[in-house]
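In: sequence-free structure coming up:
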């Protein structure tokens, strides 16, 4: 029912996660209200992100040069390494402004049911980096899932024999959550990771 160009734009917006038909239509109609300068900026931004963004040679995070700003920052704590499953997670943690160590991004999580094996997620590069740098602590910042737990246990096994403290993000009952709606895995983790009240 829409003109061809408008329909193509609506369909393009639907490629974004969480964008359904109605939201795609709203976004497309918004673009019609853009002046030429905004349209030019928007199209150039899309082209530039595909052309200029690559992965850091050291940690695999998003970068426009060879190494990311975090790896190049000499003020960072170079004895702590936070391992994340996706480059987006680096930026989520950085927004908190509490973690001052380094990062390493692996390419997803081990999931045999989905055909993702240890060799598919770049663990060789991670282990090589850990063996050649002086890390005192490794933090697993994976989502609390079977895949996250499997990946953490697998990497921990690969690091056996190294004098490195291995930790993971705390998990458990979210603040304000109603106990009857908490899944069993989260509740089990919360019970196992319980803390002393001080």
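Out: Thanks, I have it. What you see is a predicted model, and the numbers here were worked out from it, not measured in a lab. Numbers count the residues shown, from 1 in each chain.

In: what residues does the lengthiest helix in the chain touch?
Out: Longest helix of the chain, by residue count under DSSP state H: helix 36-52. The contact list for helix 36-52 (CB atoms under 8 Å, 6 or more residues apart in numbering) reads 31, 34, 64. For every residue, glycine as well, the C-beta is placed using N, CA and C.

In: all helices for the protein, in order.
Out: Going by DSSP H, the chain shows helices at 4-13, 21-33, 36-52, 69-72, 87-96, 123-132, 146-158, 184-192.

In: for the ones you listed, give me a markdown table that also has mean neighbour count, distance to residue 138 and mean pLDDT.
Out: Shown next, in a markdown table, are these (neighbours: other CB atoms under 10 Å; distance: least, CB to CB, whole Å; pLDDT from 0 to 100):
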| stretch | mean neighbour count | distance to residue 138 | mean pLDDT |
| --- | --- | --- | --- |
| helix 4-13 | 14 | 40 | 95 |
| helix 21-33 | 13 | 40 | 96 |
| helix 36-52 | 10 | 31 | 95 |
| helix 69-72 | 16 | 16 | 94 |
| helix 87-96 | 14 | 15 | 94 |
| helix 123-132 | 14 | 7 | 95 |
| helix 146-158 | 17 | 8 | 93 |
| helix 184-192 | 13 | 19 | 80 |
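
In: so which of those is nearest residue 102?
Out: helix 69-72 (6.6 Å; CB to CB).

In: list the contacts of stretch 116-129.
Out: 58, 60, 81, 83, 104, 106-110, 151, 154-155, 158-159.

In: outline the domain layout of the chain.
Out: In terms of domains, the chain is parsed into 4-52, 56-192 (source: automatic domain parsing).

In: from residue 28, how far out is residue 170?
Out: 42 Å (CB to CB, to the nearest Å).

In: give me the buried subset of the contacts of stretch 116-129.
Out: 58, 60, 81, 83, 104, 106, 109-110, 151, 154-155, 159 (16 or more other CB atoms under 10 Å).

In: so which of those residues sit within strands?
Out: The strands, defined by DSSP state E, take in 81, 83, 104 from these.

In: could you report the neighbour count for residue 101?
Out: Residue 101 is flanked by 18 other residues according to other CB atoms under 10 Å.

In: hang on, it packs against residue 82?
Out: Yes. Counting by CB atoms under 8 Å, residue 82 is a contact partner of residue 101 at 5.8 Å.
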